[in-house]
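> Model the following, please.
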Amino acid sequence: MSGNPAVVMRLVASAYSVAEKAGAIVRKVLHSGDLGIVEKTGANDLQTLADRLAQKSICASLSRRFPKVTIIGEEDLPCEEVQEDMIENGQAEEILQKSCPKEYEALKEEELVVWVDPLDGTKEYTEGLLDNVTVLIGIAYGGRAIAGVINQPFYNYQLGSGAALGRTMWGVLGLGAFGFQLQEVPADKRIVTTTRSHSNKTVTDCVNAMEPHNVIRVGGAGNKIIQLIEGKASAYVFASPGCKKWDTCGPEAILHAVGGKLTDMFGNPYHYNADVKHMNSAGVLATLRNHDYYVSRVPQSVLQALRSD
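Numbering: from 1, shown residues only. Sure thing, here's the model as predicted:
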């Protein structure tokens, strides 16, 4: 690309490289054998040394290059100096070469909000379910998720030491999504992906109401969106509070970039302004196609339960 790429494309290019560094940190902590686990609110809400170090690296790296961008990370960490070896200065050249969608060309740093989940699927990480683990960076403008990066630190880990470990996918609304092969579940199949560790009666009732041919229970919001775009599931159904904005911003942008949709269980979009509440309290419903069908199947009892939460 001639001249200076638009701010949003430079931010995505940085987020790509930063997510790869975070993925390397996540792998390094695992291989050290000391995960440094603490419970945040209970046994299903854990934080590890990898969560802490990856977030420090991501936030410090992005804020150094883009000081006016608002960055919101999952982990509540003290403000402290970050060592230089934690800073990632690289930018993905293939992203810098892409043309920025017209509507985002003139965006300024201070108009952008970045949502960071340094390690999505922490519980699965501690249990060795490594294909569930992702690093998520979402970029929002005007409350809308417009770009995202998902790094899978352990992609290919089951193939043994000879396989290239990890991969990174990214997307920008109006440009497309890259780093994976888009696939769809056949139109006559309904395969629902949902939580493996945060289920309850409301979640189960809603999943059953979809009349799925199969249900896949896995960890991590990022991982569930990957299930959709790689043709393993046709809907991600989580009829419960619990998911946060940093879980959905990046994955939503990638899903939307390939024509999919992510809403709450009422069919309403989530907003990603800097001042919104962090909890996605009305649940998450995401699809690649036929979103209205799944919204129409949500039972009134489920909607009532979410309203009263």
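
> In terms of secondary structure, what does the helix or strand containing Ala15 contact?
Per DSSP states H and E: Ala15 is located in helix 7-32. Here helix 7-32 touches helix 49-65, helix 93-96, strand 112-120, strand 134-141, strand 144-152, strand 167-172, going by 3 or more Cβ pairs under 8 Å, 6 or more residues apart in numbering; DSSP states H and E. All C-beta atoms are positioned from the backbone trio N, CA, C, and that covers glycine.

> for the first one, packing partners?
Counting contacts by 3+ Cβ pairs under 8 Å, 6+ apart, the secondary-structure elements packed against helix 49-65 are helix 7-32, strand 70-73, strand 112-120, strand 134-141.

> Now for the spatially closest residue to Lys108 that is not a sequence neighbour: which residues touch it?
Nearest non-adjacent residue to Lys108, counting by Cβ to Cβ, 6 or more residues apart in numbering: Val7, 6.5 Å away. By Cβ atoms under 8 Å, 6 or more residues apart in numbering, the residues touching Val7 are Phe66, Leu107, Lys108, Glu109, Leu112.

> Can you read off the pLDDT for Val7?
pLDDT recorded at Val7 is 98.

> Pick the one among the contacts of Val7 closest to Asn156.
Distance to Asn156, by Cβ to Cβ, is smallest for Phe66 among these, at 31.1 Å.

> contacting residues for the closest one?
Val7, Arg10, Leu11, Ser14, Glu109, Leu112.

> Kindly write the ChimeraX command that selects the buried subset of those residues.
Listed next is the ChimeraX selection for buried residues among the contacts of Phe66, using 16 or more other Cβ atoms under 10 Å:
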select :7,10,11,14,112
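
> ok, the contacts of Phe66 vs Ala239, which is closest?
Set against Ala239, the nearest of these by Cβ to Cβ is Leu112 (30.9 Å).

> Return the distance of that closest one relative to Ala15.
To Ala15, Leu112 is 11 Å away according to Cβ to Cβ, to the nearest Å.

> now do Gly174
In terms of Cβ to Cβ, Gly174 sits 17 Å off from Ala15.

> Have a look at the two and say which one is more surrounded.
Applying other Cβ atoms under 10 Å to Gly174 and Ala15 shows that Ala15 carries more neighbours, namely 32 against 15.

> Please report the distance of that one from Lys21.
For Ala15, the distance to Lys21 - Cβ to Cβ - is 11 Å.

> Please apply the same query to Ala235.
For Ala235 relative to Lys21 (Cβ to Cβ), the value is 33 Å.

> Neighbour count for these two, which is higher?
Ala235 (26 against 21).

> OK, contacts around that one?
Residues near Ala235 by Cβ under 8 Å, 6+ apart: Arg190, Ile191, Val192, Thr193, Met210, Pro212, Leu228, Leu285, Ala286, Thr287, Tyr294.

> Just the ones in helices from these, please.
Of the positions in those, Leu228, Tyr294 sit in helices, assigned by DSSP state H.

> which one among the contacts of Ala235 gets closest to Thr70?
Ala286 (24.6 Å).

> Thought Ile226 was touching that closest one, still the case?
No - using Cβ atoms under 8 Å, Ala286 is not in contact with Ile226; the gap is 11.1 Å.

> if I look at these two, which residues touch both of them?
Pro251.

> residue ranges with poor pLDDT in the stretch 151-300 of the chain?
161-162 (pLDDT under 70).

> who touches both of Leu112 and Ala15?
Listed as contacting both Leu112 and Ala15 by Cβ under 8 Å, 6+ apart are Ile139.

> thinking again about what came up before, adding distance to Arg52 and pLDDT, write the contacts of Val7 out as CSV.
Compiled in CSV, those are given as follows (distance: Cβ to Cβ, whole Å; pLDDT from 0 to 100):
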residue, distance to Arg52, pLDDT
Phe66, 22, 97
Leu107, 31, 98
Lys108, 31, 98
Glu109, 26, 98
Leu112, 24, 98
